[in-house]
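In: Quick one, fold the following:
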Amino acid sequence: MPPEDNLLPLLSDQDSDRDAAYESGEKVHIVGINEPAEEGSLGVPPFSWKKLWLFTGPGFLMSIAFLDPGNLEGDLQAGAIAGYSLLWLLMWATAMGLLVQLLSARLGVATGRHLAELCREEYPTWARMILWIMAELALIGADIQEVIGSAIAIKILSNGALPLWAGVVITACDCFIFLFLENYGVRKLEAFFAVLIATMAVSFAWMFGETKPSGIELLLGVLVPKLSSKTIKQAVGVVGCIIMPHNVFLHSALVQSREIDQSKKGRVQEALNYYSIESAGALVISFIINLFVTTVFAKAFYGTEIANGIGLVNAGQYLQEKYGGGLFPILYIWGIGLLAAGQSSTITGTYAGQFIMGGFLNLKLKKWLRALITRSCAIIPTIIVALVFDTSEAALDVLNEWLNVLQSIQIPFALIPLLCLVSKEQIMGTFKIGSVLKTVAWLVAALVIVINGYLLLDFFSSEVTGVMFTSVVSAFTGAYLAFIIYLISRGFSLSAWRRLLPSKQTQGIE
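Out: The predicted structure follows:
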């Protein structure tokens with residue numbers, strides 16, 4: 001066997017029956033820029049700024065999940081209740097999120113398939129159907145939060161003229177914006193998201209300038225780890241909301257929007273290098289935006305009586321009462337930033353829903369129909385939520401807690417399959433992760449799962465009452481843990497069995 005054959009993953013992109021993330025005509029052309037045509041397959045081409053620019057895009061779409069309304073609410077509550085003390089945790093949580101997303105990108109680039117597709121092929125029907133249902137539930141939960149966040153922003157910017165349900169309907173139309181832009185190519189879509197991220201950055205930077213947080217306290221908060229019993233819930237929230245299950249699926253598909261010659265190891269490694277750079281840059285920007293939000297609310301409300309009662313619904317009004325109108329009222333600056341966060345995250349949610357549904361079910365539906373189905377799954381329950389909870393801030397806060405629980409439950413069902421798949425040579429070829437990275441990745445995954453487990457325990461200990469409800473929750477918890485154990489054991493047992501198989505075959509030949 002030629003040495004080149006050992007460099008490639010076993011899964012190829014030749015299966016025409018599968019539902020590809022991108023058609024060949026939709027991909028951004030990369031090969032051949034600033035390179036001699038006769039270059040060999042093994043060497044990694046030299047760094048090129050032009051190539052980095054062409055690879056830039058998927059990481060920024062991925063980073064939007066770090067800036068959605070749920071994350072912004074976690075930021076403002078952490079700032080108002082814990083002050084500057086959790087900034088270090090925000091930084092390290094973003095770093096952990098970057099590691100997970102780089103592994104997701106690695107899987108997509110090395111195999112030419114995304115996580116949902118590989119789960120369909122790797123697991124038996126009953127297991128992959130559970131994984132699909134869990135992924136859809138996580139996406140719907142995230143989408144409800146994002147749509148409600150957009151609707152709150154629309155209500156703010158309309159001076160209350162548009163109720164929450166009207167904002168939800170307006171936000172639902174972003175599905176058609178997405179479809180319109182997608183027809184003009186991947187780069188146009190990525191440019192649109194870049195504008196939304198820039199809008200968030202400018203809005204929250206403006207707020208940062210208006211409120212003038214302490215630079216020294218900010219620096220100490222980032223560099224000096226500090227945690228107290230009073231802020232443990234906010235600390236758990238900061239870490240828990242960083243890794244979104246649907247985003248793990250999404251990034252493994254987004255990286256396939258570039259045309260990469262997967263028959264050449266050098267080209268694949270080159271793509272991984274560029275994606276690592278652009279993903280790191282995107283998450284640095286997202287960290288700075290989250291930092292702006294946290295420090296603004298730390299400066300404004302830390303140590304005040306209203307700190308514990310601040311959420312997305314009333315945050316803008318509290319800021320307005322404290323800092324007044326000015327040249328451009330801070331209430332509207334907050335509303336613009338929140339609207340950009342909500343709109344961008346709902347559109348990427350639609351994008352993720354297409355890949356999740358198409359990958360797990362191998363559907364041959366047109367993209368507009370799949371996007372419409374995905375959007376309807378979230379919009380219908382969200383309109384019901386908006387009509388029921390429009391007049392009650394407390395009820396919206398309770399709903400948000402339940403939605404956080406829903407997403408926390410799903411995290412293992414994205415992380416565990418991802419880590420099992422990127423560790424397998426039969427799937428990744430020479431691009432499987434090494435033992436050190438594998439250990440670090442599993443430790444990060446375990447930490448995130450334990451932290452979210454703490455959130456679940458804390459929530460259910462206060463919410464679960466009555467024998468019947470307790471029995472149902474206990475039964476669900478048992479089944480939930482059993483499935484997690486199954487996923488882990490399957491990953492490790494298959495790897496061990498496949499390692500033994502070649503040696504047994506060799507002994508048989510002898």
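In: how about the strands of the stretch 251-400 of the chain, start to end?
Out: Along the stretch 251-400 of the chain, the stretches classed as strands by DSSP state E, counting those that start in this stretch are 258-259.
In: where in it is pLDDT low?
Out: Applying pLDDT under 70 to the stretch 251-400 of the chain flags the ranges 325-326, 367, 378, 389-395, 397-398.
In: quick one: contacts for Arg106?
Out: Leu272, Val422, Met428, Phe431, Ile433 (Cβ atoms under 8 Å, 6 or more residues apart in numbering). C-beta here means a position set from N, CA and C on the backbone, and glycine is covered the same way.
In: tally of neighbours for the closest residue to Leu272 other than its chain neighbours?
Out: Nearest non-adjacent residue to Leu272, counting by Cβ to Cβ, 6 or more residues apart in numbering: Val109, 5.6 Å away. By other Cβ atoms under 10 Å, 24 other residues sit near Val109.
In: correct me, but Val109 touches Glu270?
Out: No. Using Cβ atoms under 8 Å, Val109 is not in contact with Glu270, being 9.8 Å away.
In: among the contacts of Arg106, who's most crowded?
Out: Val422 (25 neighbours).
In: Quick check: the gap between that residue and Val224.
Out: 34 Å (Cβ to Cβ, to the nearest Å).
In: correct me, but Asn404 touches Val236?
Out: No. Using Cβ under 8 Å, Asn404 makes no contact with Val236, being 10.4 Å away.
In: which residues are common contacts for these two?
Out: Leu455.
In: and those two? which has more neighbours close in?
Out: It is Asn404, of Asn404 and Val236, that has more neighbours when counted by other Cβ under 10 Å, with 23 against 20.
In: follow-up on the earlier one: quick one: the residue nearest to Leu272 from Ala441, how far?
Out: Separation of Val109 from Ala441 (Cβ to Cβ): 17 Å.
In: and if you look at Asn308?
Out: Distance of Asn308 to Ala441, given as Cβ to Cβ: 36 Å.
In: neighbour count winner among those two?
Out: With neighbours defined as other Cβ under 10 Å, Asn308 and Ala441 compare such that Ala441 has more, 21 against 10.
In: So which elements touch the helix or strand harbouring Ala445?
Out: Assessed by DSSP states H and E, Ala445 sits inside helix 435-463. Helix 435-463 makes packing contacts with helix 87-111, helix 232-240, helix 393-410, helix 412-422 when contacts are defined by 3 or more Cβ pairs under 8 Å, 6 or more residues apart in numbering; DSSP states H and E.
In: List just the one of those helices that sits closest to Pro69.
Out: helix 393-410 (9.4 Å; Cβ to Cβ).
In: Next, count neighbours for Trp442.
Out: If you count neighbours by other Cβ under 10 Å, Trp442 ends up with 16.
In: ditto for Ala475
Out: For Ala475, the count of nearby residues is 10 (other Cβ under 10 Å).
In: what about it, which SS state?
Out: Three-state call for Ala475 (DSSP: H, G, I helix; E, B strand; the rest coil): helix.
In: mind checking pLDDT for it?
Out: Listed pLDDT for Ala475 reads 84.
In: What distance do you get for it to Ala482?
Out: Going from Ala475 to Ala482 by Cβ to Cβ gives 11 Å.
In: How about Leu254, nearest residue that isn't a chain neighbour?
Out: In space, and not counting its chain neighbours, Leu254 is closest to Pro58: 3.7 Å by Cβ to Cβ, 6+ apart.
In: Oh, that last question was meant for Thr56, not what I typed.
Out: Setting aside the residues directly before and after it, Thr56 is nearest to Glu278 in space (Cβ to Cβ, 6+ apart), at 4.6 Å.
In: ok now do that neighbour, which residues does it touch?
Out: By Cβ under 8 Å, 6+ apart, the neighbours of Glu278 are Leu52, Phe55, Thr56, Gly57, Pro58, Gly59, Phe60.
In: Can you turn the buried part of those into a ChimeraX selection?
Out: Buried residues within those, by 16 or more other Cβ atoms under 10 Å, are selected in ChimeraX with:
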select :55,56,57,58,59,60
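In: closest to Thr125 among the contacts of Glu278?
Out: The closest of the contacts of Glu278 to Thr125 turns out to be Pro58 (Cβ to Cβ; 30.4 Å).
In: wait, isn't the closest one in contact with His251?
Out: Yes. At 6.7 Å, Pro58 counts as touching His251 under the criterion of Cβ under 8 Å.
In: Find the residues that touch each one of these two.
Out: Common contacts of Pro58 and His251 (Cβ under 8 Å, 6+ apart): Ala105, Ser279.
In: Now the residue minimising distance to the centre of the chain: closest residue in space that isn't a chain neighbour?
Out: Centrality entry for the chain: nearest residue to the mean C-alpha point is Asn247, 3.0 Å, by Cα atoms, centre = their mean. In space, and not counting its chain neighbours, Asn247 is closest to Ala65: 3.9 Å by Cβ to Cβ, 6+ apart.
In: residue contacts, that neighbour?
Out: Neighbouring residues of Ala65 by Cβ under 8 Å, 6+ apart: Asn71, Ala142, Met244, His246, Asn247, Leu250, Ser345, Thr348.
In: now swap in Gly303 and tell me
Out: Gly303 sits next to Gly83 when contact means Cβ under 8 Å, 6+ apart.
In: For Ala82, see how far away it is.
Out: For Gly303, the distance to Ala82 - Cβ to Cβ - is 11 Å.
In: Quick check, Ile373 in contact with Ile356.
Out: No. Using Cβ under 8 Å, Ile373 is not in contact with Ile356, being 11.4 Å away.
In: next one: stretch 290-310 to chain centre, how far?
Out: Centroid separation for stretch 290-310 versus its chain: 25 Å, with Cα atoms, centre = their mean, to the nearest Å.
In: and if you look at stretch 353-362?
Out: Chain-centre distance of stretch 353-362: 16 Å, with Cα atoms, centre = their mean.
In: quick one: average confidence on the host helix or strand of Lys155?
Out: Assigned by DSSP H and E, Lys155 falls within helix 125-157. What helix 125-157 shows for mean pLDDT is 89.
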